[in-house]
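Engineer: need a structure here:
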Amino acid sequence: MNKINFKNIHSMIGADAIIHGNIELSGGLIVYGKIFGTITTEGPVRVAKSGSVLGNIIASDIHIGGKVEGNVIVKDRAVLGSFSTLVGDLTYKYLLIEEGAQFKGKCELVSSVSDSIED
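Structural biologist: You can find the predicted model right below:
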């Protein structure tokens, strides 16, 4: 598995920011603050240790270091960092859960979701 490429991320939610509402963008996003709403992007999402998202996330990849309460759907790779908390279902192609991560929900592979949609 290759690392998630966070080099071309141009959007950031600062540590002192609190956003109420959905976020839609085409590039990547790093979250240091708090978001109450759904994040939808074609790029990667990184939730830092200080970051939290109360809502669903749809992205190409995700690295969770903070807290996410909502369902997460990624096309490729999901990483749950050692200080992360995910409460919600996770759909992914590749998954890495580091020691210390907390996860409450169900996992589903992207291919199995595609198979069930085609039926």
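
Engineer: Could you say which helix or strand holds Gly27?
Structural biologist: For Gly27, there is no enclosing helix or strand under DSSP states H and E.

Engineer: Tell me, how many residues neighbour Ala78?
Structural biologist: 24 (other Cβ atoms under 10 Å). C-betas here are computed from N, CA, C, even on glycine.

Engineer: Spit out the contact partners of it.
Structural biologist: Ala78 sits next to Asp61, Ile62, His63, Ile64, Val72, Leu90, Tyr92, Tyr94, Leu95, Leu96 when contact means Cβ atoms under 8 Å, 6 or more residues apart in numbering.

Engineer: how about a cut-off of 7 Å?
Structural biologist: Ile62, Val72, Leu90, Tyr92, Leu95 (Cβ atoms under 7 Å, 6 or more residues apart in numbering).

Engineer: Same question for Cys107.
Structural biologist: By Cβ under 7 Å, 6+ apart, the contact list for Cys107 reads Leu90, Leu95.

Engineer: The chain: helices as residue ranges?
Structural biologist: 110-118 (DSSP state H).

Engineer: From Asp16, how far out is the residue nearest to the spatial centre of it?
Structural biologist: Nearest to the mean C-alpha position of the chain, by Cα atoms, centre = their mean, lies Ile62 at 4.0 Å. Computed as Cβ to Cβ, to the nearest Å, the Ile62 to Asp16 distance reads 23 Å.

Engineer: Equivalent analysis for Phe83, please.
Structural biologist: Look at Phe83 and Asp16: by Cβ to Cβ, they are 20 Å apart.

Engineer: Equivalent analysis for Phe36, please.
Structural biologist: As defined by Cβ to Cβ, Phe36 lies at a distance of 15 Å from Asp16.

Engineer: lowest-pLDDT helix or strand in the chain?
Structural biologist: Here the helix or strand of the chain ranked lowest by mean pLDDT, DSSP states H and E is helix 110-118, holding a mean of 57.

Engineer: What pLDDT does the model give Gly70?
Structural biologist: Gly70 is assigned a pLDDT of 98 by the prediction.
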